[in-house]
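*Asks:* Need a 3D model of the sequence below.
(4 chains)
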Protein chains: 4
Amino acid sequence: MIDVHAKKDNRGIAINKVGITDLDWPIYLSKNNRSIAKINILTNLTETQKGIHMSRLVEVLYPLSKKILSKKTIADLLISLRQQIGCSEIFFDLNFNFIKEKKSPKSGKKSYLSYDCFIKAKLVGEKVSINLGVKVPIFLLCPCSLAISKSAAHNQRARVTLLVTPKRKDWFDDLINLVEKNGSHELFSILKRKDEKYVIDEAVKKAKFVEDVVRDIAQWLKKRKYKAFIVEAKSFESIHNHNALASITYNEKFFN
Amino acid sequence: MIDVHAKKDNRGIAINKVGITDLDWPIYLSKNNRSIAKINILTNLTETQKGIHMSRLVEVLYPLSKKILSKKTIADLLISLRQQIGCSEIFFDLNFNFIKEKKSPKSGKKSYLSYDCFIKAKLVGEKVSINLGVKVPIFLLCPCSLAISKSAAHNQRARVTLLVTPKRKDWFDDLINLVEKNGSHELFSILKRKDEKYVIDEAVKKAKFVEDVVRDIAQWLKKRKYKAFIVEAKSFESIHNHNALASITYNEKFFN
Amino acid sequence: MIDVHAKKDNRGIAINKVGITDLDWPIYLSKNNRSIAKINILTNLTETQKGIHMSRLVEVLYPLSKKILSKKTIADLLISLRQQIGCSEIFFDLNFNFIKEKKSPKSGKKSYLSYDCFIKAKLVGEKVSINLGVKVPIFLLCPCSLAISKSAAHNQRARVTLLVTPKRKDWFDDLINLVEKNGSHELFSILKRKDEKYVIDEAVKKAKFVEDVVRDIAQWLKKRKYKAFIVEAKSFESIHNHNALASITYNEKFFN
Amino acid sequence: MIDVHAKKDNRGIAINKVGITDLDWPIYLSKNNRSIAKINILTNLTETQKGIHMSRLVEVLYPLSKKILSKKTIADLLISLRQQIGCSEIFFDLNFNFIKEKKSPKSGKKSYLSYDCFIKAKLVGEKVSINLGVKVPIFLLCPCSLAISKSAAHNQRARVTLLVTPKRKDWFDDLINLVEKNGSHELFSILKRKDEKYVIDEAVKKAKFVEDVVRDIAQWLKKRKYKAFIVEAKSFESIHNHNALASITYNEKFFN
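*Replies:* Numbers count the residues shown, from 1 in each chain, chains lettered A, B, ... in the order given. Next comes the predicted model:
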């Protein structure tokens, strides 16, 4: 059977990234904790080869779904992919939900919150790099509005996206906790009235702009010598139909 | 050339709706006010015909883009469609943006706000029905939170979706105005500090649940003898990562 | 502490549906098979009560996440919700991913496919009703194009949405299998060249319009005396930038 | 009235980008050709200032909606923004629809196609840069499938995203035409049967992988000495539920 992909290409143009995207795939975050990831697997292609065999990318991925996801299993996958595809670069992205059980601050009611998490991993030359990301919803109360209004201040749900080159022990819950400490308050799926009163009263003491959120997180990461990060806060303004955004990028080249 | 669609079908099963969806198409809301609509055109199909000629739906639509959109031009289109397709039912939906210029309440700064608007029209038997819908973002401040907290109340952007069988003169701006009067406050794209203070202080006087928003709008419509409506308010809760929703449906059968 | 929701309302207007939407929540499809659902829980509200206590909806939901999802556990939840909320109607919707392992037809390569599944359940009066839905991607090859072109036919990914009042033993895999048998072919995440050749050659023998897909599924369900269903096929046309759609509704009132 | 944004910040951390996003705003592509853009306006913030006055960004934008969009009017806006905000960097992004009228290839039937277009403009130091982007849907027919199957080949809708540092006279229609020439075929909103036959037969002669599409476009741009571009082709595979992607980046730093 003819193999068109294996033919020679004579346009003299290499391709930076080629592969499959938006593949839904089961992963295990721990033994009984399955999630479903949306996955991209991309490689590079030299000037002379016409196309890649995309089915091989999925074949190499298949065993991953049996293992517990960790930096180690991802590094192993990147190395397997490169060996079996025969390319010099591999780019591997996963997006999935991470569930955290929480207790409301006063009444102690239990509930869950789900976070969009992502991994941006690559193997270029001999270097594996695995970066971790989280998208964390928080409560944000405006310090300017609080200062000028008599009886209230505009506040809203905001979302912080944090991508870091992690330290050895960092995992998604560490990043989520870091972000949640740096909003006006963290969110909960259950709040009884006494919880709700507590959250609002605490948030008033921690009124913040999006600028404050990204600066506080950046300051924390820089103090601890993180090599690279991108932190972005987007606030779904309650008094506007547009959003407010602030972002700080530190050593962006680590993420390309 | 063979015409497979025109063949006889012998499964004995009629099709309720068949046609094209998600077609982007230019429309004129007034002479110099062009917008781009996402359009669905669907018809019914009797038991015996194998398929419809979908290209004819677009052919009949083509002249619409030259005319100014009104209840009259839509009714004309429905009648043309039925004649040229030869079916007994036509369903025609449009979704598009409607821009309104606004002045901020204290400083008088001008800006624009965009509203998702929609039309649900149909021709069944001899009866044309044209229903108008709007999705209006508003500001909502929680009366419970205001009553229990010392210094603030949670508030957020909310979105009200209103679909009505309109009275003769009703158009999108009428529906948008109705919704905007019934939030804790309307939104603006520019608010200087004195505007922002004004909006918050006014909203505190009009603290509302989603339940209140839909009841107030339903009450207004019922008093004026509107034949049918659906009103839904969804609040993007600032203290939660989920949303709160209330909806009232009156004579829903008009919209099926 | 003041309870604003419990106050009397004097507008004389009942609310059809009120509650929370877009809540992300863990569910178990089997013992080790966790998924994350997006959940709506809505109730009705009589004319005289001002608002509902939304936190109670989540409190009653909390134990669900420990149990394996079944028609029985959903019915139990509906009854608990009604007892603890004190309303006459409960509407409970879940949306989640369902993973199926597949083997490619010729080379036997294993891979996964994910399906968007949904449950629409309600308790009205003494009647519990639980309807099951699936969204299944399929391959669709156009019979008209095949008849008129020399060497190929346009084909594309399509998506079939099927909602049924299920028979006693029906579960999501049954509905997915029913849809997959009725496309031009089912999809796979891995196809080696010999698989790909097989899929195309088989699809040519089963060229279908969207009209054919919904008729064949409707015919199968009617023969087996299903009480109610909605089946819709949407084809992401390769030769257009819009989509083609056909839908058949049978006893729609079961789903309102 | 207190101005919290104008206070000193003492964390010693500059912010790369801060401003407003997702603002819907009317623009004129020509005198009678209005479109609605989704706009981001972001600036940088030095270490010492606490926050930006976001309302000023919208104030400076307001006059734009009266002028016809061109590279000149965008450059003027960037300069106004920098002067009035007092920052050293401005980032201005617009996303909007662009409508093109087309004739079907054989029957000459007229219809419209809509393209998502975007502008990425910035002012850094004294340098204005304005990059133009288009997202163009095309038809793609697989050369491997064509070579191995008897009677057909899988084909599908694909979307090419092209971002370039334009030459002097380039505008959106030039970029759209470039992409449409490089698919297996361009798309139309109306195709009569003789058109459909023609499109499929032509596409068979131009069967292409996503790799071929990006290489052909890159080759064309390089021959004409374009300074920088990113071209990406994503194919919504008809035989899979995931997508295939290829991208070539040339002088990416121009777009950061």
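
*Asks:* Mind checking if the host helix or strand of A:Ala203 is in reach of chain D?
*Replies:* A:Ala203 belongs to helix A:193-205 when elements are defined using DSSP states H and E. No - using CB under 8 Å from any CB of the partner chain, helix A:193-205 never reaches chain D; the gap is at least 14.1 Å. In this view, the C-beta of every residue, glycine as well, is placed from N, C-alpha and C.

*Asks:* isn't A:Lys7 right next to A:Lys50, touching?
*Replies:* Yes - assessed by CB atoms under 8 Å, A:Lys7 is found in contact with A:Lys50 at 4.4 Å.

*Asks:* ok, those two, which is more surrounded?
*Replies:* Applying other CB atoms under 10 Å in any protein chain shown to A:Lys7 and A:Lys50 shows that A:Lys50 carries more neighbours, namely 20 against 14.

*Asks:* What values do phi and psi take at the more buried one?
*Replies:* Taking degrees, to the nearest 10, you get phi -70, psi -40 for the backbone angles of A:Lys50.

*Asks:* what's across from A:Leu141 in the sheet?
*Replies:* A:Asn155 (DSSP bridges).

*Asks:* residue contacts, it?
*Replies:* In this structure, A:Leu141 makes contact with A:Ala153, A:His154, A:Asn155, A:Ser184, A:Ala203, A:Val204, A:Lys206, A:Ala207, A:Lys208, B:Ala152, judged by CB atoms under 8 Å, 6 or more residues apart in numbering or on different chains.

*Asks:* Over to the last one. Which of the three states is it?
*Replies:* By that I understand B:Ala152. For B:Ala152, the assignment made with DSSP: H, G, I helix; E, B strand; the rest coil gives coil.

*Asks:* Could you count how many residues lie near it?
*Replies:* 25.

*Asks:* And it, how close does it get to A:Val213?
*Replies:* When distance is defined by CB to CB, to the nearest Å, B:Ala152 is 18 Å away from A:Val213.

*Asks:* Repeat that for A:His5.
*Replies:* According to CB to CB, A:His5 stands 47 Å off from A:Val213.

*Asks:* Contact partners for the residue nearest the centre of chain A?
*Replies:* Residue closest to the mean C-alpha point of chain A, counted by CA atoms, centre = their mean, is A:Gly133 at 2.5 Å. With contacts defined as CB under 8 Å, 6+ apart, A:Gly133 is in contact with A:Cys117, A:Phe118, A:Ile119, A:Lys120, A:Thr161, A:Leu162, A:Leu163, A:Val164, A:Leu175.

*Asks:* In terms of helices and strands, where is it?
*Replies:* Using DSSP H and E, A:Gly133 falls within strand A:127-141.

*Asks:* ok and that strand relative to helix A:193-205, angle-wise?
*Replies:* Angle of strand A:127-141 versus helix A:193-205, following axes from the mean of the first three to the mean of the last three CA atoms, to 10 degrees, is 100 degrees.

*Asks:* where along the stretch 101-250 of chain A do the helices fall?
*Replies:* Along the stretch 101-250 of chain A, the segments classed as helices by DSSP state H, counting those that start in this stretch run A:143-148, A:172-181, A:193-205, A:210-223.

*Asks:* Quick one: mean pLDDT for the strand holding A:Gly133?
*Replies:* For strand A:127-141, mean pLDDT rounds to 97.
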